[in-house]
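Undergrad: Show me the folded form of this:
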Amino acid sequence: MKDRNEENNLISFRSYYEANISQLILFARRFVSVEMAEDIIQDVFLDVWDHSEVNGKFPSRSYLFMAVRNKCLNILIREQVKKNYIESTELDNRILGLDYYDSFEKQLIDKEDMQYIYDEIEKLPEKCRIIFKMAYFEEKRNAEIAEILDISIRTVEHQLYLGLRILRTQFKDNDKKNLFFLFFF
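TA: Numbers count the residues shown, from 1 in each chain. So this is what the prediction gives:
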């Protein structure tokens, strides 16, 4: 009896799913990518399935659209926050650089100092050194570096922070603090 009841529930759910899936995907695709839309719809139907086992009922079509809408909205808000954070961090770094760039003479770094800078960069840990060079010598954005190296933007930011912290310590210990700010900001 229980197996037959489960089978009937599965058949009902499949009909419910097939009756709503295409319209929900079209709706979600207006706001997010195709892949993301499919993931959202899958999550909504998994939630519906989990709750239908408890009460044996399926929610209305308006509930499905509202659930898809809310999931799309959450994803878009998360993407906006992430984008704002990245842009804000890059802007903060540039502003900090301008704070230390107050005269033309600071641009004039002699060869000995330049060699010292390059030598210290070469002493950085490998991953840190690669990311550091891409950011400061190739002038790549954090997002570009993350994509090229197939790592998260957060990892790029952490490695840049680590590199700057190591170099700051090295330059400070050798009375080259001003040289550090001139070159990296």
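Undergrad: For the host helix or strand of residue 26, what is the distance to the chain centroid?
TA: Using DSSP states H and E, residue 26 falls within helix 2-29. For helix 2-29, the distance from its own C-alpha centre to the chain's C-alpha centre is 34 Å (C-alpha atoms, centre = their mean, to the nearest Å).
Undergrad: In it, which of the residues would be classed as buried?
TA: 13, 16, 20, 21, 24, 27, 28, 29 (16 or more other C-beta atoms under 10 Å). Backbone N, C-alpha and C define where each C-beta goes, glycine included.
Undergrad: and what of stretch 69-81?
TA: So, applying 16+ other C-beta under 10 Å, buried residues of stretch 69-81: 71, 72, 75.
Undergrad: Just the CA coordinates for that stretch, please, in CSV.
TA: Provided in CSV are the C-alpha atoms of stretch 69-81 (Å, rounded to 0.1, in the frame of the first residue of the first chain):
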residue,chain,number,x,y,z
ARG,A,69,11.5,35.4,-8.4
ASN,A,70,13.0,35.5,-4.8
LYS,A,71,15.8,33.1,-5.7
CYS,A,72,16.7,35.2,-8.8
LEU,A,73,16.6,38.4,-6.7
ASN,A,74,18.9,36.8,-4.1
ILE,A,75,21.4,35.8,-6.8
LEU,A,76,21.3,39.3,-8.4
ILE,A,77,21.8,41.0,-5.1
ARG,A,78,24.8,38.7,-4.3
GLU,A,79,26.3,39.5,-7.7
GLN,A,80,25.9,43.2,-7.2
VAL,A,81,27.5,43.1,-3.7
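Undergrad: So what touches it?
TA: 27, 28, 31, 32, 36, 37, 40, 43, 44 (C-beta atoms under 8 Å, 6 or more residues apart in numbering).
Undergrad: Type out the PyMOL command that picks the buried ones from those.
TA: PyMOL command restricting the contacts of stretch 69-81 to the buried ones, with burial defined by 16+ other C-beta under 10 Å:
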select buried, resi 27+28+31+32+36+37+40+44
